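K.L.:
Predicted model and sequence below, questions to follow.
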Amino acid sequence: MSGKKSDLLAGQRALVTGANSGIGAAVARGLAMAGAKVVINYVVNESDAIKLVNEIEKSGGDAMALYGDVSHEGDVQAMFNQMIDAWGSIDILVNNAGIQRDAPFVDMTLAQWNKVMDVNLTGQFLCTREATKEFVRRGVVTELSCAAGKVICMSSVHEVIPWAGHVNYAASKGGVMMFMQSVAQELAHQKIRVNGIAPGAIRTPINRNAWETPDAEASLLKLIPYERIGDPADIAKAVVWLASDESDYVTGTTLFVDGGMTLYPGFREGG
């Protein structure tokens, strides 16, 4: 596990959903490098989750892998109970788990629509609810953080950019934005901070076909004013900041980490 270690999150306990690959794995590494204990949540590929736990532990961190389908209430409750039994509480939740089930709108099935909503939106509701119960029960522990708890909701630039052929995904991320803002509004007086991160194009397995070939990468770069595709580590750094007291006055905000994709670069020369 490469990178510079810090004690920014020393003693804090984090849970990252969908953390055994891609952005989730990078976020787990980043939190561990900042001193947090990290739960690696997974649904499939348990071996990848265990491998990441071993990697973090080999670097001097503390981690454990826990199974749980975030769209199933019983799984979520069991996962949080296991974490709290093992580590006493939770300080940071990163709602990272997400899927795509793409189809032209007229061909999209109800099953495709429901599956994306269940994981991408309902999963964030279920996990945030369980984390919030523990934040409220425990309250602020000043030696750990100024806040009673921190929630980071992984969204997408498609919470504001329409995406033809991906209606269910874009709708779920628009829902994540309003979910995050509404929960942040409701919980701020209890010193619980809730924010979102909206990645743009990031090199992950879920979108490999968008950047794997030179032609695909060149086409994608036309949408990114900063002229590079993001790395999962770019998102991890943003998560660590939002989880730390460095951002203590930030709540109800989406941080776009997108190289300027939301600046609508097509208007740069023709506006």
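P.N.:
Cool, the structure landed.

K.L.:
Tell me which helix or strand comes right after the helix-or-strand element of the chain with minimal mean pLDDT.
P.N.:
One helix or strand of the chain scores below all others by mean pLDDT, DSSP states H and E: helix 214-221, with a mean of 91. Counting by DSSP states H and E, the next helix or strand C-terminal to helix 214-221 is helix 232-243.

K.L.:
Now do the contacts for the residue positioned nearest the centre of the chain.
P.N.:
Most central in the chain under Cα atoms, centre = their mean is residue 96, positioned 2.9 Å from the mean C-alpha point. By Cβ atoms under 8 Å, 6 or more residues apart in numbering, residue 96 lies in contact with 16, 17, 18, 19, 23, 24, 27, 154. Bear in mind the C-beta positions are built from the backbone N, C-alpha and C, glycine included.

K.L.:
circling back: buried sites along the least confident helix or strand of the chain?
P.N.:
Neighbour counts using 16 or more other Cβ atoms under 10 Å place 220, 221 of helix 214-221 among the buried residues.

K.L.:
swap in stretch 260-271?
P.N.:
Within stretch 260-271, the residues scored as buried using 16+ other Cβ under 10 Å are 261, 262, 265.

K.L.:
Show me where this structure dips below the pLDDT cut-off.
P.N.:
The chain contains residues with pLDDT under 70 at 1-3, 270-271.

K.L.:
can you pull out the strands in it?
P.N.:
Under the criterion DSSP state E, strands of the chain are mapped to 13-16, 37-42, 63-67, 92-95, 149-154, 192-199, 254-257.

K.L.:
So which residues of this structure form helices?
P.N.:
For the chain, applying DSSP state H gives helices covering 22-33, 46-58, 73-87, 110-117, 123-138, 167-187, 214-221, 232-243.

K.L.:
Contacts for the second one, please.
P.N.:
What that stands for is helix 46-58. 1, 19-21, 25, 28-29, 32, 38, 40-42, 62-65, 67.

K.L.:
In PyMOL, how would I select the buried members of those residues?
P.N.:
The following PyMOL line selects those of the contacts of helix 46-58 that are buried, judged by 16+ other Cβ under 10 Å:
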select buried, resi 1+19+20+21+25+28+29+32+38+40+41+42+63+64+65
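
K.L.:
burial count for the nearest residue to residue 247 once chain neighbours are set aside?
P.N.:
The shortest distance from residue 247 to any non-neighbouring residue, by Cβ to Cβ, 6 or more residues apart in numbering, is to residue 241 (5.5 Å). Neighbours of residue 241 under the rule other Cβ atoms under 10 Å: 18.

K.L.:
The one 3 residues further on now?
P.N.:
Neighbour count for residue 244, taken as other Cβ under 10 Å: 22.

K.L.:
Which residues are in contact with it?
P.N.:
With contacts defined as Cβ under 8 Å, 6+ apart, the neighbours of residue 244 are 8, 9, 34.

K.L.:
May I have the phi/psi pair for it?
P.N.:
Main-chain torsions, residue 244, degrees, to the nearest 10: phi -100, psi 170.
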